[in-house]
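Engineer: Here's a sequence, model it:
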Amino acid sequence: MIQYKENGDVAVFDNLIFRKDKRTGYYLNAKTHKRLHVYVWEYYNGEVPKGYHIHHKDFDKSNNEIDNLIMLPASEHEKIHGNNITDEERKRRAVNVKENAMPKAKEWHSSDKGSEWHKNHYEEMKEALYQKKEFRCENCGVVFISINHGTNRFCSNKCRSAYRRRLGIDNETRECEWCGKNFTVNKYSKTKTCSRSCRNHLYWNKGNNEG
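Structural biologist: Numbering: from 1, shown residues only. Predicted coordinates for the structure are as follows:
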């Protein structure tokens, strides 16, 4: 799920920050140098093969959810957008895609002919989609080999969790149920108190009240 902040000028996805380019309208991450819509598509499907582009179905560069993205041959994508398209024409095309093209495309993809095309397309592209590469874990630094999904940042789920704990990505502020002091803890933790002392007081008091 993509989170938009600062009046839509900033988007956050997979713990990465993408800033909107005022000139092009695309969201770009300074670290990966990838546009948000491309990163999102690769997050779910793997690296975009050479000669292909990721297209916004509704022509809205601010709608980068995976359901609005489709991979097209570069030549076809360039034809769709054209070189001198006006804002009015862009809006007209968006309406046409939503009301006409998308329903027809959905119907075709569900047909026997569409299913056969998907099967053949997968056979042609699977080598590129499931290509193994060498990566370095951002937490422990170990080099590992994995299928390139576009998000190969860690060698294991253990390292992913350790990295998130170290950066405090999942931290939240709670109020101690015994002394009322605010404390920071991982949001997945069941901790209710700010210290072991407060925890002992809380349970001792609870036990006496129940007795």
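Engineer: The protein - how does it break down into domains?
Structural biologist: Per the record, the chain has its domains at 3-126, 133-167, 172-210, by automatic domain parsing.
Engineer: Go through those and find the least confident stretch.
Structural biologist: Per-stretch mean pLDDT for the domains of the chain is lowest at domain 3-126 (a mean of 83).
Engineer: Now find how far off-centre that domain is within its chain.
Structural biologist: 14 Å (Cα atoms, centre = their mean, to the nearest Å).
Engineer: Quick one: the strands in this structure, in order.
Structural biologist: Taking DSSP state E, the strands of the chain run over residues 3-5, 10-13, 16-20, 27-28, 52-56, 69-73, 132-136, 143-147, 171-175, 182-186.
Engineer: Tell me the buried residues in the last one?
Structural biologist: Within strand 182-186, the residues that qualify as buried are Val185, counting by 16 or more other Cβ atoms under 10 Å. C-beta coordinates here come from the backbone N, C-alpha and C atoms, glycine included.
Engineer: Return the list of strands paired to it, each annotated with direction.
Structural biologist: Sheet pairing for strand 182-186, assigned by DSSP bridges, gives strand 171-175 (antiparallel).
Engineer: for the fifth one, same thing?
Structural biologist: Sheet neighbours of strand 52-56, with direction, are listed as strand 69-73 (antiparallel) (DSSP bridges).
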